[in-house]
Structures are given as C-alpha cells and as structure tokens.
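Engineer: please work out how this folds:
(3 chains)
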Amino acid sequence: MRTWRRIFVALVLLAGIGIPGCATVHPWDRDLMAKPTMRFVPVPHEMAVDDHIYFSKEGSTGGMDAAGGGCGCN
Amino acid sequence: MRVQLASPSPASSVRQRLGAAACLLLAGSMPAAAQTQLAPGWQLETTGLFYGEQLRAKVVEPTGRLTRQFANGRALSLGLAVDAITGASPTGGLPTGQVQTTTSSSGRSSTTTADAVPTHPFQDLRYAADLGWVEPLGSLVSASTSAHFSQEKDYASIGGGLKTSVDVLNRLVTLTAGAGYNRDRVFPTGGTAVGLAPDDTPRIPGDNPKEVRTGLVGISRVVSRRWLLGATGSQTRETGYLTDPYKIISLTDPETQLPVAQVNEKRPSERLRDDVLASSVYHFEQDIFYMNYRYYWDDWGVRSHTLDMKVRHDLSSESWVQPHVRLYAQSPASFFVFGLTQGRPLPEFASADERLGPLRTATFGATYGFRVPGHRGEFTLRGEYMYQWLVGRPPTAIASSTNTPAGDDSGGGGQHLGTNIGTILIGYTVPF
Amino acid sequence: MASPCEVLVDTDDEPTARAALDAARGEALRIEHKFSRYRSDNVIDRINHSAGKPVEVDEELAGLLDYAATCHEISGGRFDITSGVLRRVWTFDGREHTPDPAALAAALALVGWTRVSWRDRTLTLPAGMEVDLGGLGKEYAVDRAATRIAEVTASAFLVNFGGDLFASHLRRAERPWLIGVENPATPASGHLGRLQLARGALATSGDARRFVLVRGRRLGHILDPRTGWPVEGAPRSVTVMAATCTEAGTLATLAILRGGDAARFLEEQGVQHWLLE
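Structural biologist: Model (predicted):
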C-alpha cells in the first residue's frame, strides 16, 4: 500500500510540471489568469474558517498550510 | 541593468512647474494625481461565523485581519479570532436502551434518552492571534513567515512557519515549499485522565506537552489560458499528548450488551500524517470551476478522501454567487472501537471518538458576494448545511461491540445516527 | 503617430466602445494633421517655411508653444523644439557613422529657442530654423483623446498610443488596469515592472530601436541641442508615471536629456519611474 501511495504522490506532483508538449501560454493569453478569482482559494477567509471547522470535526489535516494554528480539537 | 521604483516624495520645483504647465496646456481638463492600486495600502477583512450542530455545540466566531502592503511587495498582516463555544459534545459512549446519566468533567451532568448518543456539555472561549510577513526576494521568489498563538481553557498553542515560492518557466510554474512548528500544552480541566482506566479514576494534575512539525511541497502550473492546476503534498509529525482528555469508551456487559461502565480513551503518543492534494481551477466562458481532491493517510490507520467543488458565477459586475459541495469519507483508526466488552482484556490503545471512526460528511452551501456601488468594500454571505454520520454504528442494545474495530459492516447493520450542522458566515473586506 | 494606437473601454455596450474609439481616432488624426512636420498643408509647414516672417498661431498651438517654452527653461536649454534640424546630420540606423563637423556646426547655428521670438500669439522664426513638435505630439494626443472619450462615455478607459498611455479611472468592481513595463532588451518576456494602475499616465522614452555607432560606441537618438551630439550616458529606456501623459512624456525626455544623471533627476522629482541603463 505504501508503494501505491508513493506512486500516487509522484504522479500528482509531476502532473503539474511535466506535461510536456503543452503549449506555452503567451503573455497576451494571461488575461484570465490575472483575475483575482483565478487562484486555488478565491475567498481566503472562507478557507481559514473551513480549515478550522473540518479540522475540529474530522480526523484529517488540511493540505494547504504548513503553519496552521493549534487547538484542542483533533 | 538597474531598475528602480521610487516612492513619491515631496514634489520638487521642476515637477511642480511641469504639472502646472501641463494643466494650462490641457485647459484644466485633467485632474487627479496618478494612482496605482498596489501603492502602499491597507486592507481589513472581518468575518463572523455562526455555527450550530443540532442539539450539540454552537459556536460564534468573529475574526479580523488587518494587512498592510508596502511599496515593494512586502506585506504585514495581523489576525485575531475569538471562538465562543457552547453546547454538547459526544463523549464516545454508546447509546443505551435506558436513561443514562453522564457526569461531565466540569461537574455538570447531562441526561440522555434511549438511543441518543451520550454527550456532555461544555463551554469554552478561545483566543487566537497570528502575525505574518511577506518578503519578495527578487521578482520571481517570495518568502513568508508567520507566527501564531492561541489560548483556551484547557489548551495553549504557539508556533510559526516559513514558506517560500519560486516562479519558473516564464512564470508558468510555481514551486512552493514550507515548514511549520507548533508547541502546544494540554491542561484538561480537572486534570489529565489516566488512559484506559475507569473514568472515575483520580486525574493527574499538570500540563501535557505536544509538538507538531509540518513540511509541505507544492507545484502549480498554468496549463492554458483558462486552466490552472496544482498539487501539494505534506507530512506532519505529532508527538506528545494526543489523547482527547474528555472522551470515554463504554464497556458493555457481555450478556445484556448494555453499557455498564466507562473507561477513558487512550491514543498513541506519536502520529505521522501524510496527504496529497490535487487542485484545478478552470475558467469557462463566464463561470469559474474549482475542484480539489485530497487523499489523506496516517499511521493510526485513518485514511480519507475529500472532494470539494465550487462554481463562481458572476451575477453582475458587482455581485456573484458561489455554490459549493464537499464530500468526505474516512476510514477508522486501527484502534477505533464503538465500545469495549467488559471482562475482556483491554487493548493497548482505544478510542470511541467519532472523529477517528468511519465518518462521512456531506456539505452543501452557497456564498453570495456583492459590493455596494461607490464603496470599495466587498461583502460575502455564506450559508452551508453539513450532514455528518458514522457508518456501521451498532444499533441500540445490540452489540457488534466486541473488541474488534468497527468499520466491519457485516455485523449489526449500523444505524446512521447523523448530525445536522448549519453554518452562516458573513464577511467584509475593504481596502483603504 | 507612426505607431499602433489602441483604446480600451471597460463596457459591455458596443456602441459606447465604438463612440470612444471614433472620438480618440478623430482627435489623433486631427492632431497629426495639424502638427506633423511631414505635411505640407498645415500651420507647422507654414511656420517652417516662413523665412523669418512672423506667423500668428491659434490658441491650441499657442498653448503648445508656451508649454515648450516652459520646458526649455526648466531643462536649462536641453529641451528645445528647434533642434529638429540636427536630424539631417545624423543617421540613426544602427550603423557606424561620424558626422561631418562643418555640417554639424552649420546645423547648430540653426538651433536654439532663444533665437526665436514668441510673443502675443506670434511666432517669428529666423530663416532656416524649424520647429518640431514630435517630442510632445504623441503624449499630447493621448491626453486630448482622453478628454474627447470622456465626453462620450463615463466608462473607464485606457488610451495607448504607441506605448504612451493614460487610464481614466478604475474599471468596474474596483479593478485596476494591469500594465507591464516592457524591457527593451527582451521585449517578448521579462518586464521591467508591472503595476496595477488606478488612474494616470505612463510614457516611455528611449533608444531601443534607433541608435548610431560612433567609433564603436552606441549612442541613442536623443540629441543634446547645446552640443548637437547624442546625450552621453543616457539610459536606454525611461518610463515615468504622472497625472497626464504630457507630463509623463516630458519628464521621461528631460530625464534622458540628463544623460547619466537621469536616475538622480527622477528621484529628485519624486515620480515613479523605471530605468534601464
């Protein structure tokens, strides 16, 4: 099972960098990407609240932040 | 090559004269000074969370965050939050066929009826503060550090983190790495329970330390004009006191299957947690679709899948709506039990905390965001409904509660005693 | 204008966008027609062939001449709209050339705003001298086009004539205009700077495309009218932000005319700027 997980992790990480032959995105095609809503967390304060709620109610930790705060709840 | 960006300083005479001359030339039709948006400025974000579990905990949490942007991309932010929690939390005990009384750690008691999950009431106030600093290192690299602190009646936490990110491949790919360290103290009211001892065993006074170390790496890539992809992996190591000081496990009578006694739970003093997260943001003609998938696993045996999807739809140039669905499935820790049988030898570790059990959560909600014309601030209003349940919970008075871990659905056909949870989150962000 | 001109309007209404574009184009063409030295049917041509006789000018040209006079004074004589004749002595095609000293001296004799009589809306140019508004024209056209557009729409807009631009105000939902400052050494990538402009103007001055080699040394095309030679040690590119495009363009030009002192000059003026040495 451990090997499966490692493979999964490697694949997922490589997917980001290594899609070779993907056309480059020209500067004039970066218009949409410049919008503030084009990021992984469009509403930052919602993510902070959700992280806390799900951290308290479930057994997993979030994937987003290395430096989340602590609380007596998991 | 030398590149400079100077902040405006008191105008000198050349500039003043030039400005006046230009004004005259253009017959006063041009006016206000040039202004960049990211010139040094402030931003204030406040939120208010109202969280309610049916018949259980209620939380009110206001937060505020003040951020100051400096001219060269540096930023300082200060965040404060207060949690006011009241209500009841499951003890880990089993429902019975008769009235059951629980005594809580703060001396209060509660009474539950036949098939309700036993809970005990509690009340707590938690304060948290954090400070963050962002420092660009050149135009492609950025570093940030943060420190945070929180305090509640029985728990204190202090810690910090570092994160750095680099843009490569013509800013198409961003690499991120981060690390964090927390040092916590757990000092339960009434003292620390002795693990797997009967719950009326005298408790041990004093603090219990806990350390948490986290590392993460991430990568994100602009795949096309419309599509942003990212992946993150992180690992956390916790050591110290990881048991929940108020949770108990019911001991059931081997013949009647009714809970007759309680012992405190006990968890290992180390935990290694891993997760990978894959994220996607895709811009359709008008709407933006966000999707995250996270796979989590740790050395306590807990594994989980999380799927989170949102759609951002603009209603007008000043308002938008964002529906949201989140699905979560967790498989239990190896030492999770619904209950233990009296008379059998006790395992090394055991917990009936449903958060370590075969848990499922489904969340549905939507956010509505809008600006008031002429005002720079943005309001958001979010309502969400969550339903959380355990799979394979033994129905009342019928035991699949042997000392085998649950998650074994073959016995008993569990009742899904789920919890309904509703939240309302209001937010307001304004630059000034 | 000899460069691509564009107008960005933040609106969903096509007729509005067209009206804005027509207004801007009309103004740009009008200014070019009226002030270009390449035409033979405008007031500039009459002035440049006036052979020493006084010419009365209209309010608009008077305003421009007043502005040019102020710039001449502020810059200690470096900014001079009569320096156009020097272009006959220099060829900025990127190759090796050395100017003929006699020709240079003859041309210098025809340069100098102090030799011009400008009074009571009447301009008297000694024979052989010329005025060239090329150094002001594009930025002035941006500002005037912006005024015309503001008359036909209240939407946010940005006028960009060949890299000299003006933004009227924030776009809808308080969003700024996203501007990149081109790095002339690597025009296709790697900006010198990026900013989020709420309102205001940006103008760039530089030698990226036109230069000459003299005894192996690269010299830009901006000439110091006091010596007749290209300015020494000038940065390759200067971009300045100001309230109006005219101001921004003038500050950029004044900075380049300072040569090696360009950076210090701009810092003293306290304007946001980007420099490439």
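Engineer: can you tell me which residues in the stretch 101-250 of chain C are near chain B?
Structural biologist: Within the stretch 101-250 of chain C, the residues that sit near chain B (CB under 8 Å from any CB of the partner chain) are C:140, C:143-144, C:146-147, C:150, C:170, C:172-174, C:176, C:185, C:189, C:192-193, C:195-201, C:241-244, C:246-247, C:250. Where C-beta positions appear, they are placed from N, C-alpha and C, glycine not excepted.
Engineer: put the buried members of the residues you listed into a ChimeraX selection.
Structural biologist: Selection of buried members from these for ChimeraX, criterion 16 or more other CB atoms under 10 Å in any protein chain shown:
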select /C:140,143,144,146,150,170,176,192,193,195,196,197,198,199,200,201,241,242,243,244,246,247,250
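Engineer: sketch out the low-pLDDT regions of the chain for me.
Structural biologist: Assuming you mean chain A. Applying pLDDT under 70 to chain A picks out residues A:1-23, A:27-28, A:62-74.
Engineer: meant chain C, my bad for not saying
Structural biologist: In chain C, residues with pLDDT under 70: C:1, C:187-191, C:208-209.
Engineer: can you list the residues of the stretch 251-400 of chain B near chain A?
Structural biologist: B:273-279, B:281, B:283, B:288, B:290, B:292, B:294-297, B:302, B:304, B:306, B:310, B:312, B:322, B:328, B:330, B:333, B:355-356, B:359, B:361, B:367, B:369, B:380, B:382, B:388.
Engineer: how about the stretch 1-150 of chain C: which residue is closest to chain A?
Structural biologist: Nearest residue of the stretch 1-150 of chain C to chain A: residue C:8, at 11.4 Å (CB to the nearest CB).
Engineer: next, count neighbours for that residue.
Structural biologist: 17 (other CB atoms under 10 Å in any protein chain shown).
Engineer: nearest residue to it in space, please, no chain neighbours.
Structural biologist: In space, and not counting its chain neighbours, residue C:8 is closest to residue C:158: 4.4 Å by CB to CB, 6 or more residues apart in numbering or on different chains.
Engineer: what about that neighbour, how many neighbours?
Structural biologist: Neighbours of residue C:158 under the rule other CB under 10 Å: 23.
Engineer: mind listing residues that contact the helix or strand encompassing it?
Structural biologist: Secondary structure from DSSP states H and E places residue C:158 in strand C:157-161. Strand C:157-161 is touched from outside by C:1, C:3, C:5-10, C:20, C:24, C:28, C:138, C:141-142, C:145-146, C:149-150, C:165-168, C:177, with contacts defined as CB atoms under 8 Å, 6 or more residues apart in numbering or on different chains.
Engineer: give me every residue that touches residue B:26.
Structural biologist: Residue B:26 makes contact with C:143, C:144, C:147, C:244, C:246, according to CB under 8 Å, 6+ apart.
Engineer: switch to 6 Å and redo it
Structural biologist: Contacts for residue B:26 (CB atoms under 6 Å, 6 or more residues apart in numbering or on different chains) come out as residue C:143.
Engineer: state the distance from it to residue B:336.
Structural biologist: 76 Å (CB to CB, to the nearest Å).
Engineer: tell me what the closest residue to residue C:117 other than its chain neighbours is bridged to.
Structural biologist: Computed as CB to CB, 6+ apart, the closest residue to residue C:117 that is not its neighbour in sequence is residue C:124, at 4.0 Å. With DSSP bridges as the criterion, residue C:124 is bridged to residue C:54, residue C:117.
Engineer: verify the stated contact: residue C:124 with residue C:54.
Structural biologist: Yes - between residue C:124 and residue C:54 there is a contact at 4.3 Å, judged by CB atoms under 6 Å.
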